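Asks: Return atomic coordinates for the entry below.
(4 chains)
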Number of protein chains: 2
Amino acid sequence: MTTADAPSLPHPLPDELVELIARRFRVIGEPMRIKLLDQLRLGEATVLALTDAVGASQQNVSKHLGVLHDAGIVARRKEGTQVYYRVVDAGVFELCETVCGSVQRQVAELNAIFEGAGR
Amino acid sequence: MTTADAPSLPHPLPDELVELIARRFRVIGEPMRIKLLDQLRLGEATVLALTDAVGASQQNVSKHLGVLHDAGIVARRKEGTQVYYRVVDAGVFELCETVCGSVQRQVAELNAIFEGAGR
DNA sequence: ACTATACACAACTCTGTGCTTGTAGAAGGT
DNA sequence: ACCTTCTACAAGCACAGAGTTGTGTATAGT
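Replies: Predicted coordinates for the structure are as follows:
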């Protein structure tokens, strides 16, 4: 438990694990779901609040939240007619930060090319 | 470079950045590409070697490598008729390890349920 | 020069999936 | 009881993308 890091994954990654990893990446690889997770970074929120925040239809938001829920990334809490969603796997934020780092680095490289060639 | 960490991403994530992040996740979210990256973890390799390693057609491997190359994750080095690919963005390994951690944790939870209910 | 090898590109097919529309179910207000 | 609100589910449509087939290009060997 305390040593969940430094896994040193097996070298020929088994096919089933590859499939699980790929599925997970695909779950996070949708703009709408990233927006929802970004909103949930501020804390739990209702479907209605998320719908207003991301500017999509209620059905669409509900569907995407269902995908995130099935993937075990978010959890539901029902209260009256409203359902509150929250992130239970904080690893997704780490993932987004890592990706952001790569993207920013690439953009910086492109920028350097323009600066070097432009003047 | 020195401050590439602790990004504390802006809270309403801009749409364009969301799109870039999602695209990146989708690039990595394919089993074949994960297998290729897993092989490239051992060092640079030719298309033929990767083709044999993952058990796919040469065209398919070449296509996936092209996607990884366009995404800036791998780089090419031509030598004679052969092309050597290598990973230039080590962040992908960090991503895979993070995802593996989440997957393993979920599997452990399911396992605990079976152990708790089975006996 | 000719042939073989290694890789990449283009066109095509097909599966997967995201979005919309419509609707059903649950809970609260009147 | 009735109606409204909030959420989830189902069917249909459309597009993105993964895989195959065929071919073009470059390099090495003879």
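Asks: Please compute how far the helix or strand bottoming out on mean pLDDT in chain A lies from its chain's middle.
Replies: The weakest-scoring helix or strand in chain A, judged by mean pLDDT, DSSP states H and E, is helix A:91-118 (a mean of 89). Here the centre of helix A:91-118 is set off from its chain's centre by 18 Å, with C-alpha atoms, centre = their mean, to the nearest Å.
Asks: and it, what other elements does it pack with?
Replies: Under the contact definition 3 or more C-beta pairs under 8 Å, 6 or more residues apart in numbering or on different chains; DSSP states H and E, helix A:91-118 sits against helix A:15-28, helix A:31-40, helix B:15-28, helix B:91-118. Just so you know, the C-beta spots here come from the backbone N, C-alpha and C atoms, and that holds for glycine as well.
Asks: do the first one and DNA strand D meet?
Replies: No. Among the residues of helix A:15-28, none lie within reach of DNA strand D under C-beta under 7 Å from any atom of the strand; the closest is 8.3 Å away.
Asks: That helix: which residues count as buried?
Replies: A:17-18, A:20-22, A:24-28 (16 or more other C-beta atoms under 10 Å in any protein chain shown).
Asks: any idea how far the residue nearest in space to the middle of chain A is from residue A:91?
Replies: Taking C-alpha atoms, centre = their mean, the centroid of chain A lies closest to residue A:28, which sits 4.3 Å from it. Using C-beta to C-beta, to the nearest Å, residue A:28 is found at 10 Å from residue A:91.
Asks: Residue A:98 now?
Replies: Residue A:98 is 10 Å from residue A:91, by C-beta to C-beta.
Asks: What of residue A:74?
Replies: Going from residue A:74 to residue A:91 by C-beta to C-beta gives 12 Å.
Asks: picking up where we left off before, ok, which of the buried residues of helix A:15-28 also contact DNA strand C?
Replies: Okay, of the buried residues of helix A:15-28 touching DNA strand C (C-beta under 7 Å from any atom of the strand), that's residue A:26.
Asks: which ones among the buried residues of helix A:15-28 come in contact with chain B?
Replies: Counting by C-beta under 8 Å from any C-beta of the partner chain, the subset of the buried residues of helix A:15-28 that neighbours chain B consists of A:17-18, A:20-22, A:24-26, A:28.
Asks: The residues you listed into a markdown table, with extra columns for pLDDT and distance to residue B:11?
Replies: What follows is these, written out as a markdown table (pLDDT from 0 to 100; distance: C-beta to C-beta, whole Å):
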| residue | pLDDT | distance to residue B:11 |
| --- | --- | --- |
| A:17 | 94 | 34 |
| A:18 | 96 | 34 |
| A:20 | 95 | 31 |
| A:21 | 96 | 28 |
| A:22 | 97 | 29 |
| A:24 | 97 | 24 |
| A:25 | 98 | 24 |
| A:26 | 98 | 25 |
| A:28 | 98 | 18 |
